[in-house]
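> Provided below for reference: sequence and predicted model.
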Amino acid sequence: EPANEGEGSSAGEGEGDDGAGGEGEGDVGEGEGEGEGGGEGEGAEACGDGAVDNGESCDGQAHCVACHPEVGFRCDVPTSVGVPVCTPTFPSGFPTHLPDGTLAVGDPADLPVVEGTCADVVDTDDTSPSTVLCGAIVPAFVAQQDDGAPLRVFVVRSLIIDGTIRFTGSRAPVLVVVGDATIAADLDVAARGSTSGPGVLPSCGGAGGDGSSSTDAGAGGGGGGNGAAGGAGGSIQNPSDPQSGIGGSPGPAIFSTKLVGGCPGGRGAFDSNLGNGVRALGGGGGGALQISVAGALEFSGDVVATGGGGQGGVADGGQAGGAANKGGGGGGGSGGTVFLEAATMAASGPLQLQTMGGGGGEGADSQGNSGNAGADGSAGGDGGTGGAFGGDGGAGGDATSTAGAGGSGDGGGGMAGGGGGGGAGRVDTVIFG
């Protein structure tokens, strides 16, 4: 055992397993001592002693002082490098939405650094322990919220990316960065037509209601809701018909504390004279995406979580005799959810967080013309118009406007109702630094 005199806590030169014996200056003062061991040479320098030596990547960097990192940081030694690395840490209770204990991925310093241009389509239904993201092999796992969407979690040490990443599947993607992130990439969890984005629940509290049938024509489906309510489906206007079709109810706004996507629009109704005509499908709900960064988040890409457009009302139900199915248009799906959290957050470019609802589909008419589909919400989905004489579809809502109601159909003229527009989605940000 080395014996030292004086105030020094370690010595510079001498004999010993770790170079702790001999004469020299200690960290605090001067001291003398002897130590047993083989070899002579300089002892290991302390992490954070201010000198970049012996390959210590922590030395000279902020947040790591004499092996005692500042609050919010930790010094780890990655097995792949073997030298100290200073890594930010999440406060207690973060990342949000992940059940306790699910982020046990070993030393953060052993996680991959992801840099480069992305051109990826990532399936969140994959359950393998890793995935390729922007050319790097990234640890990934599945987690389940209580009453929320199932999650597919990807964990990296730092992130510097551009290009595009599209997420598909049923699980909401969660990007966890234990360091800093610079994101110039466009991230896509949008619905496509009637196909919802990832993270949309099968039983969605903000789903639009289906339109009802009448002996003249079908009513339109209601638009889905999320951050805002959807628009009502267009009804059938025919005073002489006591069974006039009622437009689908608008999906209500939902205020969930969980990570969930948007909600689909309701289906358009068929002409009840056909018995079982074809219904136009509502647009899918926009997906959900979470980005949790322990350090600084700098964002200049776009996040697209828009709702899908409702299908146009179907004119031909395929019934015997060629009878026309004057079907109502499907309601538009609501926009999805974008959740961002970091110690610090800044937009370094023209960032757009797009959560607009999809447009409702146009109603069919008695001339055999199917309605046009509503637009997906990339520009605030326009309702279907012009393809038939049925009611127009309502426009999707966005951050500054409410979703439009579907146009009513003229029952006496055999015109079906249009679908309501999908409501806007949600954008939530949390700064915990």
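Perfect, thanks for sending it.
> Every contact and neighbour count from this point should use C-alpha atoms.
Noted.
> Check which helix or strand the residue nearest the centre of the chain maps to.
Ranked by distance to the mean C-alpha position of the chain (CA atoms, centre = their mean), the top residue is residue 289 at 0.7 Å. For residue 289, the host element (DSSP states H and E) is strand 288-299.
> Direction included, what does that strand pair up with?
The strands beside strand 288-299 in its sheet (DSSP bridges) come out as strand 172-177 (parallel), strand 181-183 (parallel), strand 337-347 (parallel).
> ok, then the element right after that strand?
Counting by DSSP H and E, what follows strand 288-299 is strand 302-304.
> quick one: buried residues of that following strand?
302-304 (16 or more other CA atoms under 10 Å).
> ok so, going back, pLDDT of the strand holding residue 289, averaged?
Across strand 288-299, pLDDT averages out at 95.
> mind saving the C-alpha coords of it as PDB?
Only the C-alpha atoms of strand 288-299 are listed here, as PDB (Å, rounded to 0.1, in the frame of the first residue of the first chain):
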ATOM      1  CA  ALA A 288     -47.800  10.200 -33.300                       C
ATOM      2  CA  LEU A 289     -44.000  11.000 -33.000                       C
ATOM      3  CA  GLN A 290     -42.000  11.800 -29.800                       C
ATOM      4  CA  ILE A 291     -38.400  13.200 -29.700                       C
ATOM      5  CA  SER A 292     -36.800  13.200 -26.300                       C
ATOM      6  CA  VAL A 293     -33.300  14.900 -26.100                       C
ATOM      7  CA  ALA A 294     -31.300  15.000 -22.800                       C
ATOM      8  CA  GLY A 295     -29.200  17.900 -24.100                       C
ATOM      9  CA  ALA A 296     -29.900  20.500 -26.700                       C
ATOM     10  CA  LEU A 297     -32.300  20.000 -29.600                       C
ATOM     11  CA  GLU A 298     -31.800  22.100 -32.700                       C
ATOM     12  CA  PHE A 299     -34.500  21.500 -35.300                       C
END
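> circling back to that earlier point, separation between the residue nearest to the centre of the chain and residue 271?
Distance, residue 289 to residue 271, by CA to CA, to the nearest Å: 39 Å.
> Residue 114 now?
Applying CA to CA to residue 114 and residue 271 gives a distance of 55 Å.
> what about stretch 351-360, how long is it end to end?
Stretch 351-360: ends 27 Å apart by CA to CA.
> ugh, wrong one, I meant stretch 188-208
Distance across stretch 188-208, first residue to last, is 23 Å (CA to CA).
> Tell me the gap between it and the middle of its chain.
Stretch 188-208 sits 12 Å away from the centroid of its parent chain (CA atoms, centre = their mean, to the nearest Å).
> Report the rounded mean pLDDT for that stretch.
On average, stretch 188-208 scores 96.
> Number the residues from 112 up from this point.
All set: I'll call the first residue 112, so the last point we hit is now stretch 299-319.
> When residue 225 and residue 382 are compared, which one has more neighbours?
Using other CA atoms under 10 Å as the criterion, residue 225 and residue 382 rank with residue 382 on top: 30 against 20.
> so what's that one up against?
324-329, 388, 436-438 (CA atoms under 8 Å, 6 or more residues apart in numbering).
> let's see it at 6 Å
Residue 382 sits next to 324-326, 328-329, 436-438 when contact means CA atoms under 6 Å, 6 or more residues apart in numbering.
> picking up where we left off before, quick one: distance of the strand holding residue 400 to the chain centre.
On CA atoms, centre = their mean, the centre of strand 399-410 falls 11 Å from that of its chain.
> ditto for stretch 303-322
16 Å.
> Show me where the stretch 162-311 of the chain dips below the pLDDT cut-off.
The model of the stretch 162-311 of the chain has pLDDT under 70 over residues 162-183, 187-197, 212, 215-218, 220.
> how about the strands in it?
175-176, 179-180, 184-187, 196-199, 224-234, 241-244, 247-255, 261-267, 269-279, 283-288, 292-294, 297-299 (DSSP state E, counting those that start in this stretch).
> deepest of those strands, which one?
Comparing these by mean neighbour count (mean count of other CA atoms under 10 Å), strand 283-288 ranks first with a mean of 26.
> the inter-axis angle of it versus strand 224-234?
Here the directions of strand 283-288 and strand 224-234 differ by 180 degrees (axes from the mean of the first three to the mean of the last three CA atoms, to 10 degrees).
> Now tell me what touches strand 283-288 from outside.
Residues contacting strand 283-288 (CA under 6 Å, 6+ apart): 262-269, 309-310, 399-404.
> so which of the strands paired with strand 399-410 gets nearest residue 367?
Of all the strands paired with strand 399-410, strand 448-458 sits nearest to residue 367, with 10.5 Å by CA to CA.
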